[in-house]
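*Asks:* Whatever this is, show me its structure:
(one chain, ligands or ions: 1)
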Amino acid sequence: MAAAITLEEVAGLRGAISGVVYARGDDGVAGEAACFNTAIVHDPDVVVGARSTADVVEAVRFAAEHQLPVYVQATGHGAFAPITSGLLVSTRRMTGVSVERGGRIASISAGTRWGAVVEAAARHGLTPITGSSTNVGAIGYTLGGGLGPLSRTYGFTADWVRGFTVVTADGRVVRATAEANPDLFWALRGGKGGLGIVVEMDLELVPLTRVYGGGLFFDTAHIEDALRAWVDWVHTVPDTVTSSVALVRFPPIDEVPEALRGKFALHVRYAFVGGEAEGERILAPIRDAAPAFLDLVGEMPTSQIGSIHNDADQPGPAWDRGMQLKDIDQRFVTEFLARAGAGSDLPFIAIEIRHIGGAAAEEQHGGTAIGGRQAPFTLVMLGVPVPELFDEELPQKSDYIVAGIMPWIADETNINFLGHVASTQQFASAWPADAFDRLARARTTWDPDRLFAYGP
Ligand SMILES: Cc1cc2nc3c(=O)[nH]c(=O)nc-3n(C[C@H](O)[C@H](O)[C@H](O)COP(=O)(O)OP(=O)(O)OC[C@H]3O[C@@H](n4cnc5c(N)ncnc54)[C@H](O)[C@@H]3O)c2cc1C
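*Replies:* Next up is the predicted model:
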């Protein structure tokens, strides 16, 4: 424990908190601070497992009094660097979603995962604009903007936020909406960290119960035909279609379904907001491009939205690097497959390209801090889960791919897609320059002493 805090002081904090408080060395730290990315092991001076807004206020006041930097974690899906000092507020106990009968606003507590929001919304014939994985924390995700399987139709998730309740650096509980503290509201919609701890988020849901969607899998021999068809096709689809592709190396292990085990395949993900017949008609050029060995596309309730990407839901060591792309074309496919295609033996389990644009490219009335609105594609490389490769091998091999596709890489990106940040310059690229400067001013206003640790 840091010299600045005594066991008596920690005991005092424990007495003021309804949740749990652990100091470095306590048995409870590992479980409370555990991350979805198990390569990251946090070891802060103090961990507060908050149960309530009052707990968060006490924790923030304690940290300010003892000059401890404050971190916040819900699920650890966004954990990229170990926390080695300060106070970690864990929100994992603060779960809950309420949707007012007849209304369209979900009030979502700090530690809630998307799955719970999707379920609660479905009971009202509604759906939230989620990310690809329903296991991710709703608030951490939304603070970065949030691009998911319905984003071309409905925009970023943060576009649907109508209010935040936030514990600020001075230990106050404030509201941030279009009318109340609009500068903080602007910053929290995309600015991600360093502003306060969000204890509740009010999210507008959309009246949608079914989509036509799912995944198509193309075997190694058909990857090129399917990818070339997809790149042409995305330039023709309406905004009611959101899609992505992932080159996936499925490991030859029992946990992977037999049909996919050990294969190097292209996974095309598709979501159409509309009826089955029209959804099938629009998808036909992809189905016709090559034979899919697995076709899982069909009508589905929006409560199954997580099955479209079928992201891993078990914790494990993770390394990824992301960026956004300018418009891509057949030349891009040639360069990309020359480096990452079947002939290569790179240590990536997946390389994903998402088609965005559509509603996601439209700025909201009053604006948001979201980065990467204008780039039409994202690209993320997900390394093999071998921590020994994270420091050198994976960054080098990702540089090799980047060198081949450099002409298509956009200057700007989005913080949720950045992955492991190597430099402050890379971090800054997650927002347009003017938004980055405005965010710095908002952080100075709301956290003048930099209590909330954020950024490299
Ligand atoms: C499998 C997987 C799938 C993903 N899919 C998508 C996707 O489809 N679209 C997309 O946009 N992103 C996606 N992401 C990225 C994801 O949105 C970010 O990693 C996000 O930060 C995760 O939030 P979390 O709360 O679950 O993670 P955590 O690691 O718990 O939190 C990450 C950060 O969020 C902030 N934060 C969390 N809670 C609070 C709070 N209450 N108050 C203030 N700040 C807070 C903090 O800065 C914290 O460090 C995915 C990530 C993974 C691992």
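*Asks:* Surely residue 353 is within a strand?
*Replies:* Yes: counting by DSSP: H, G, I helix; E, B strand; the rest coil, residue 353 is found in a strand.
*Asks:* beta partners for it?
*Replies:* residue 245, residue 379 (DSSP bridges).
*Asks:* what about residue 334, is that helix, strand or coil?
*Replies:* Secondary structure, three-state DSSP: residue 334 is helix.
*Asks:* Can you tell me which residues in this structure are near the ligand?
*Replies:* Contact residues (C-beta under 6 Å from any ligand atom) of the chain with the ligand: 72-79, 91, 110, 131-133, 136-137, 139-141, 143-144, 146-148, 192-193, 197-198, 311, 416. Quick note: C-beta positions are derived from backbone N, CA and C, even for glycine.
*Asks:* can I assume residue 56 sits in a strand?
*Replies:* No: counting by three-state DSSP, residue 56 is not found in a strand; it is helix.
*Asks:* who's in contact with residue 203?
*Replies:* Neighbour list for residue 203: 105-106, 108, 117, 128, 138, 142, 157, 160-162 [criterion: C-beta atoms under 8 Å, 6 or more residues apart in numbering].
*Asks:* For PyMOL, write the select line for the buried members of those residues.
*Replies:* Here is the PyMOL command that selects only those of the contacts of residue 203 that count as buried (16 or more other C-beta atoms under 10 Å):
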select buried, resi 105+106+108+117+128+138+142+157+160+161
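*Asks:* Mind checking which of the contacts of residue 203 land in strands?
*Replies:* Judged by DSSP state E, the contacts of residue 203 include 105-106, 108, 161-162 as members of strands.
*Asks:* Neighbours of residue 363, how many?
*Replies:* Other residues within reach of residue 363, judged by other C-beta atoms under 10 Å, total 12.
*Asks:* Now the closest residue to it other than its chain neighbours. Its backbone dihedrals?
*Replies:* Nearest residue to residue 363 in three dimensions, chain neighbours excluded: residue 373, at 6.6 Å (C-beta to C-beta, 6 or more residues apart in numbering). Main-chain torsions, residue 373, degrees, to the nearest 10: phi -70, psi -30.
*Asks:* residues touching residue 38, list them.
*Replies:* 315-318 are the contacts of residue 38 under C-beta under 8 Å, 6+ apart.
*Asks:* Check residue 357 too.
*Replies:* By C-beta under 8 Å, 6+ apart, the residues touching residue 357 are 152, 239, 376.
*Asks:* one more time with 7 Å, if that's ok
*Replies:* Neighbouring residues of residue 357 by C-beta atoms under 7 Å, 6 or more residues apart in numbering: 152, 376.
*Asks:* related to what we said a few turns ago, check the ones in strands among the contacts of residue 203 against the ligand and report the nearest one.
*Replies:* residue 108 (10.0 Å; C-beta to the nearest ligand atom).
*Asks:* Isn't the closest one up against residue 201?
*Replies:* Yes: with contact defined as C-beta atoms under 7 Å, residue 108 and residue 201 form a contacting pair (4.9 Å).
*Asks:* Mind listing the shared neighbours of the two?
*Replies:* Common neighbours of residue 108 and residue 201 are listed as 138-139 (criterion: C-beta under 7 Å, 6+ apart).
*Asks:* you'd agree residue 42 is in a helix?
*Replies:* No: counting by three-state DSSP, residue 42 is located in no helix; its state is coil.
*Asks:* any idea which of the contacts of residue 203 is closest to residue 430?
*Replies:* residue 142 (15.2 Å; C-beta to C-beta).
*Asks:* if I pick that closest one, what's in contact with it?
*Replies:* By C-beta under 7 Å, 6+ apart, the residues touching residue 142 are 157-158, 161, 201.
*Asks:* Can you tell me which of these is nearest residue 86?
*Replies:* Taking the contacts of residue 142 together and measuring to residue 86 by C-beta to C-beta, the closest member is residue 201, at 24.1 Å.
*Asks:* host element of residue 448?
*Replies:* Assigned by DSSP states H and E, residue 448 belongs to no helix or strand.
*Asks:* quick thing: my sequence starts at 57, can you match it?
*Replies:* Noted, 57 is the first residue going forward, which turns the last one into residue 504.
*Asks:* What does it show for phi and psi?
*Replies:* When read as degrees, to the nearest 10, the backbone of residue 504 gives phi -60, psi -30.
*Asks:* which residue packs closest to it, ignoring adjacent ones?
*Replies:* Per C-beta to C-beta, 6+ apart, closest to residue 504 is residue 225, 7.4 Å.
*Asks:* ok, now which ones touch the residue lying closest to residue 303 once chain neighbours are set aside?
*Replies:* Closest residue to residue 303 apart from its sequence neighbours, by C-beta to C-beta, 6+ apart: residue 407 at 4.7 Å. By C-beta under 7 Å, 6+ apart, the contact list for residue 407 reads 302-303, 396, 437.
*Asks:* Just these: which are in helices?
*Replies:* The helices, defined by DSSP state H, take in residue 396 from those.
*Asks:* quick check, nearest of the contacts of residue 407 to residue 330?
*Replies:* Nearest to residue 330 among the contacts of residue 407, with distances taken as C-beta to C-beta, is residue 302, at 23.9 Å.
*Asks:* Neighbours of the closest one, how many?
*Replies:* By other C-beta under 10 Å, 22 other residues sit near residue 302.
*Asks:* Mind pulling up the pLDDT for it?
*Replies:* The model reports residue 302 with a pLDDT of 98.
*Asks:* got it, and residue 58?
*Replies:* 46.
*Asks:* likewise residue 203?
*Replies:* At residue 203, pLDDT is 97.
*Asks:* got the contact list for it?
*Replies:* Contacts of residue 203 by C-beta under 7 Å, 6+ apart are 212, 410, 412, 416, 434, 470, 472.
*Asks:* Chain neighbours aside, what residue packs nearest to the second one?
*Replies:* Nearest-residue entry for residue 410: residue 300, 3.9 Å, with adjacent residues in sequence omitted and distances by C-beta to C-beta, 6+ apart.
*Asks:* Was I right to think the one you found contacts residue 408?
*Replies:* Yes: shown here, residue 300 and residue 408 form a contact pair, counting by C-beta under 7 Å, at 6.0 Å.
*Asks:* Tell me the one among the contacts of residue 198 nearest to the ligand.
*Replies:* Nearest to the ligand among the contacts of residue 198 is residue 213, at 7.4 Å by C-beta to the nearest ligand atom.
*Asks:* which stretches of the chain have low pLDDT?
*Replies:* The chain contains residues with pLDDT under 70 at 57-59.
*Asks:* Now the residue of it most remote from its centre: which helix or strand?
*Replies:* Here the centre of the chain is the reference, and by C-alpha atoms, centre = their mean the most remote residue is residue 64, at 38.4 Å. Following DSSP H and E, one finds residue 64 within helix 63-72.
*Asks:* can you pull the buried residues of that helix?
*Replies:* So for helix 63-72, counting by 16+ other C-beta under 10 Å, buried means 65-66, 69.
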